[in-house]
Each structure stands twice: as C-alpha cells, then as structure tokens.
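# Predicted model follows, preceded by the sequence.
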Amino acid sequence: MFPPARKEFISLTLPEQDPRSYNNNKSWRKQSCWRKWKQLSRLQRSLILLLVAFLLICGIATYPNLSEQWKALTETSPEEGGRPVAPRKAEKRLEVERTGSRQLGKKRGPPSLKLQKKENVSEVQAGDGLPVHSWRGAMIEADQVTEAPPSAAEIEVVPVQVPGKLTDRQMAVTEAFRHAWGGYKEFAWGHDELKPISKSYSEWFGLGLTLIDALDTMWILGLKEEFEEARRWVSTELSFAKNVDVNLFESTIRILGGLLGTFHLTGDSLFLEKAKDIGSRLMPAFNTPSKIPYSDVNIGRGTAHPPRWTSDSTVAEVTSIQLEFRDLSRLTGDMKYQMAVDDVMKHIHSLGGKHDGLVPMFINTNNGQFSHLGVFTLGARADSYYEYLLKQWIQGGKKESELLEDYLQAIEGVKKNLLRKSEPKKLTFVGELAHNNFSPKMDHLVCFLPGTLALGAHHGLAPDHMELAKALMETCYQMYAQTETGLSPEIVHFNLFPRQGKDVEIKPADKHNLLRPETVESLFYLHRLTGDKKYQDWGWHIFNSFIKYTKVSSGGFTSINNVDSASNPDPRDKMESFFLGETLKYFFLLFSEDFSLVDLDRFVFNTEAHPLPIWPTA
Ligand code: DMJ
C-alpha cells in the first residue's frame, strides 16, 4: 500500500467586509495590503514574487509584437479576412483560395480590410523622413521620391474612340460597361467593389479599386463624361495617406498599373503624380532579409509584413509587379523602383528548386528559397510569373536575355510535364504536377496562356508557340461552351480515359464564375495576331452569356455560383474590379476592326489589362 499522497495547500484568508464600514482612503489601503502580505506564508510570498517576475519578463519580451498585433487587430475588419488566422486554419484557407472553392461572400486574395466610414479612417502621413519599425522588426526608411518630369516622348497618347466608328458588337460592350458603371456609381461610388444584388459595396483596401481599374477602359471606350467624373474623384478624393494594409501585388497591378496606364493613354500628369505617390508607398515591402518582398504593406505607416501565418510570399505575386515598377522608374528617372523588382527576377533566375523551368508556388522572404516544393501549376499562385517573363522582355526592347531564357525554358517545361489531351474530343490542356503525380486539373486562370504564347510568337518566338496557343484557345472556349450557361467554371478537370464520360468535368465546389477575363484576353490576342474572325464569334457567344446570366437589372453585373444551371445560376452579389478593368476592355478590343487601337507593337498590357509602353530602342 502506498501512503496517501501528501498535498500542499495555499490558503488565502480574505476578511469579510462590512459594506457599511467601507473605507477606501489611501493609508488604510496601504496598511491593509501590507497586513495581508504579512499574513501570507513564506512559500506563498515566494510564489507570488516569482509569478510577478515571470510576467514582467514576458511582458518586456513580447511588447513590440503584441502592440503591433493589437494595432493590426483593431485596424482590421470583423469580416473573415480581418481576423487573425490560426496557422492550420490559414493553411486550409490557402488551399481553398488556391482551388477557388470559396463559399458565398468569402473573399479571394489576401485578408480583406473593411474600413470604417471615412471620418473614422486614421490618416498617417508617410515620408516624414523618420525610419519606422515594420511588423517583423525590419527598419524601413520613409521614402524620398526623386521626381523628374516625364518627357513628351515617354507619353503615348491614344485618341478617344469616336462612337460612330464602332462596330455593333463594340457598341454592345459600351452599353454593358455603362450598365456596370451605372450600378457602381449609384451604389458603390468611391468604394472598392459593387455588390449589385444588395445594392451596396464591399471594401478591400478602401481606395476606390473599381474606379481606378476602370479609368483606362473608359478612355479606350470613348466614355468621356464618365471618365471626367472619375478623374475628378481621383483629383479631389483619392488619398493614399491612409493607415491601411494593402496587398503589394493587387495594389500594384490594379492601382499603380491603372494610374500608369491611364497616364500613358491620356498624357494627364494627375495620374502620374498619383502613381508616384502609391509607388513610393509600396516600396517598404522590399525591405526584407532576402529582398523578396513581403505580401502586405501599410501605405500610411510605411511598414510591411508577410501574412500572419507564414513568412512566405506567393511566387506569382513577387514576379508580377515588374512591368509597373520598371515603368515608374522610366517615368521618374529614379531607378530604385526598377532595381528592387529586377533584383527579385535575378534572384529567381538563379534559384534551385525549379522543374524544367517551372516554379513552385511559394518563396520565403527570409531565406529567399522556394518553399512547398514539388507542386507545379500554371494556375493560381504561379500564373503571371510566366506572363511577366515574356512581357518584361518585350517591354525592355527584347534585350534582357535571362528573361527570355527563363520563359522559353518554362514553355518547354509545360510541354514536357503538363500538357495532355482529353478524351473523347482530344482537347489540349495544361494540368498540374504534385510530387511527380499528374493531375488533369486546370484553373480558368491558365487561359491567359494562349494569349501570352501568341504574343511571344508575334514578337519572333518559335511558330510552334502559336500552334500551341491555338490549341489551348479552343480548350478555353470549350470550358465555356460545354456548360449550361455558356460560362466557364473557376476550375475544370479533364477526362483522360477513352469512352468514359465528357471531356470536361466540373466538381461542385468549382462551379462558380467570377467574371474573370483570361479567356476573353486570349481571344483578343488570337484575333489580333491571326486575323481569324472565329475568335470574335467565340467572344460574342461568351459576351452574350455574361449579359444573360450575370447582368443585374438595377445596375452592375454579378459573379455567380453555378455555371451549370441556366435556371438558377445563383448570384454571388459581387462585381470584381477586373470585370471593368479587364473583361469588358478585352471584349471591346476583340470586337474592334482597328488593329492600331492600343497597338501591340507599342504597348504591353500588364496582368490587369493596363497598357504600358514598350521602351523605344535607341
Ligand atoms: C486579375 O486581377 C489579374 O488578371 C490577375 O493576373 C489574375 N486575377 C485577376 C483576374 O482573374
């Protein structure tokens, strides 16, 4: 038998207090505390002292992190994206975002940030010359922009379209744009995105995302009045001096790219000034141990940080900001923008972990190495890496051979590892590779590839790139044509087995359509560069499906949940900014008979369809 275990108790006797004899004067409180302290045993006192010391040490050690995180917590919204995400939950969410299978109302992309009403937004002036600590402790120098006025030769002014000269299909696009803009103007003016069903809006960065993304589209479509009204908002309301976290990639391609593109088309210096402002505010993102930028920047405070659950950035995101920052350097004469983004490309050029030129989806901002190795896709998180290799090479006058080398190697890698034909129709598609296992899964996002391949062939690359472009274009069109609504789902799986089902399978979680542009974008390139009118006809079918199933009568267009139900496509109540920035712009250009309208020998489109000039060769 064991003797009963000896138990130690700590007893604390609190004298019962008569409420009538309540005495709270200072000397009584002192005496009473001291008396209680003296009543404690030595063990009790030591334990309390130890506990206090421990708490003090913890407090000192964690203060900077806690205070930053507290700030972040109080500054973000109670919406899904605004909450801190536990690592495992975050990983799960990454996967959901990657596969695109979101629930209704859940946001894509980085954590969303819902700003309070304007008067509650705290405005912080950056650039006061003082260094600031970032979330991860990196010291950030407040930016000093060296400004140089652009020379007239650097501005490619594109005349506004004359309505009388438009084709019927272009007029239909103009009408659709007006309808989308009408909804935005009425229910979401100055906010990020329209929610057309609930006749309200949603915020991501709180910077008028749709309005900025749509500026150059309005110019190209010839919508002068709408353009002038939006310009007034940019001139009087748009301020980047806001204590707000933005995603580096999204704000570069949509805001910086949108402002630069509009400046190049109009020659209006307002847009260049705004572009310089946002560009310089995004620079702290590059202040990392590896120079691979963090995903998020607080544009008011001049601080940058990775997502809360990882120190990784997405490969597509850090390699698809180059066209914009290089253009900004060329316009300002300040090379710091170009140097920062060129460093990223040089680093990735010489990095191990690629597979026949294909890159993994993540890169670590501390050590600069690829992470989550072994998974290769041309879809989400890697897509625009490939697009920007070619487009930077074109932008720079086809001189930067490392970019071309990487692009050509990657296309060979696609052919060798990711290309297959479906059954029974033998559609050529681009699948994915996960640890040497092939998956016949293709994101709609991959449909940028036919256009990029055709553009490369136009700029002198091998003719078989054009052949592949045509084959993939047919596949992307079939992703629309084979559904009940005539609209593509976010993701398809191709059938590899003869005499077994249809070519295209759609999983229940992938049935949504977000009004994405990639297929229309590629149709525009294919038509422009081959002259084959079938691409215009395919585009016209797709356009009519958008009108039929996504137009909201009170204004705007909505993404839908189910492309395979013509009777109930199930609206998601969101009009993404890229519908105006890209989808409608590419429709308009696709239906144009004027091939000099945004000439592909003078301009290169960024990944958000904003045209930037190709640098003139000496
Ligand atoms: C846009 O923001 C850009 O086209 C980006 O490259 C991919 N995602 C959306 C459109 O689908």
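Thanks, I have it.
# Tell me how far I506 lies from the ligand.
Distance of I506 to the ligand, computed by C-beta to the nearest ligand atom, to the nearest Å: 18 Å. To be clear about C-beta, it is placed using only N, CA and C from the backbone, and glycine gets the same treatment.
# I'd say that residue and Y480 touch.
No: using C-beta atoms under 8 Å, I506 is not in contact with Y480, being 11.9 Å away.
# Which of the two has more residues huddled nearby?
Y480 (24 against 20; other C-beta atoms under 10 Å).
# Past the helix or strand where that one lies, which element shows up next along the chain?
Following DSSP states H and E, one finds Y480 within helix 463-481. Next in sequence after helix 463-481, counting helices and strands by DSSP H and E, comes strand 491-494.
# in its sheet, what does the helix or strand following that next one sit against?
Sequence order places strand 504-505 as the next helix or strand after strand 491-494, per DSSP H and E. With DSSP bridges as the test, strand 504-505 is paired with strand 491-494 (antiparallel).
# what mean pLDDT does the strand it pairs with have?
When pLDDT is averaged over strand 491-494, the result is 98.
# is it anywhere near the ligand?
No: judged by C-beta under 6 Å from any ligand atom, strand 491-494 makes no contact with the ligand; its nearest approach is 12.6 Å.
# can you pull the buried residues of that strand?
I491, V492, H493, F494 (16 or more other C-beta atoms under 10 Å).
# From the chain's centre, how far out is that strand? Work that out for me.
On the basis of C-alpha atoms, centre = their mean, to the nearest Å, strand 491-494 sits 23 Å off its chain's mean C-alpha point.
# send the alpha carbons of stretch 196-215 over as CSV?
Provided in CSV are the C-alpha atoms of stretch 196-215 (Å, rounded to 0.1, in the frame of the first residue of the first chain):
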residue,chain,number,x,y,z
PRO,A,196,-25.1,44.7,-57.2
ILE,A,197,-27.8,42.4,-55.6
SER,A,198,-27.7,44.1,-52.2
LYS,A,199,-27.2,47.4,-53.9
SER,A,200,-24.2,48.2,-51.7
TYR,A,201,-20.4,47.8,-51.7
SER,A,202,-17.5,46.0,-50.2
GLU,A,203,-14.1,47.3,-49.3
TRP,A,204,-10.8,45.6,-49.7
PHE,A,205,-8.3,48.4,-49.4
GLY,A,206,-10.7,51.3,-49.2
LEU,A,207,-9.1,53.0,-52.2
GLY,A,208,-11.8,53.1,-54.9
LEU,A,209,-10.4,50.0,-56.6
THR,A,210,-13.1,49.6,-59.3
LEU,A,211,-13.0,53.3,-60.2
ILE,A,212,-9.2,53.2,-60.7
ASP,A,213,-9.2,49.9,-62.5
ALA,A,214,-11.8,51.2,-64.9
LEU,A,215,-10.2,54.6,-65.8
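# Now the residue in the stretch 301-450 of the chain positioned nearest to the ligand: closest residue in space, sequence neighbours ignored.
The nearest approach of the stretch 301-450 of the chain to the ligand comes at S384, 4.8 Å away (C-beta to the nearest ligand atom). Nearest residue to S384 in three dimensions, chain neighbours excluded: S320, at 3.8 Å (C-beta to C-beta, 6 or more residues apart in numbering).
# just to revisit the earlier point, the residue of the stretch 301-450 of the chain closest to the ligand reaches T607, doesn't it?
Yes: using C-beta under 8 Å, S384 makes contact with T607 at a distance of 4.5 Å.
# Now do the shared contacts for the two.
S320, F448 (C-beta atoms under 8 Å, 6 or more residues apart in numbering).
# For the buried residues of strand 491-494, could you give me TSV that also reports distance to N247?
Shown next, in TSV, are those (distance: C-beta to C-beta, whole Å):
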residue	distance to N247
I491	22
V492	27
H493	29
F494	31
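# of all these, which comes closest to the ligand?
Proximity of the buried residues of strand 491-494 to the ligand (C-beta to the nearest ligand atom) peaks at I491, which lies at 12.6 Å.
# Could you count how many residues lie near the residue nearest to the closest one when sequence neighbours are not counted?
With sequence-adjacent residues excluded and distances taken as C-beta to C-beta, 6+ apart, I491 is closest to D510, at 3.9 Å. Neighbour count of D510, defined by other C-beta under 10 Å: 19.
# which residue ranges form the helices in the stretch 151-300 of the chain?
For the stretch 151-300 of the chain, the helices defined by DSSP state H, counting those that start in this stretch cover 168-187, 209-221, 224-236, 248-251, 257-266, 269-282.
# Of those, which is nearest the ligand?
helix 248-251 (6.8 Å).
# Report the mean confidence score over the closest one.
Helix 248-251 comes out at a mean pLDDT of 98.
# on contacts alone, who are the packing partners of that helix?
Helix 248-251 is packed against helix 269-282, strand 296-298, helix 315-318, with contacts defined by 3 or more C-beta pairs under 8 Å, 6 or more residues apart in numbering; DSSP states H and E.
# May I see the ones you listed arranged in a markdown table, with distance to P424, mean pLDDT and mean neighbour count as well?
Formatted as a markdown table, these follow (distance: least, C-beta to C-beta, whole Å; pLDDT from 0 to 100; neighbours: other C-beta atoms under 10 Å):
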| stretch | distance to P424 | mean pLDDT | mean neighbour count |
| --- | --- | --- | --- |
| helix 269-282 | 49 | 98 | 22 |
| strand 296-298 | 46 | 98 | 26 |
| helix 315-318 | 33 | 98 | 24 |
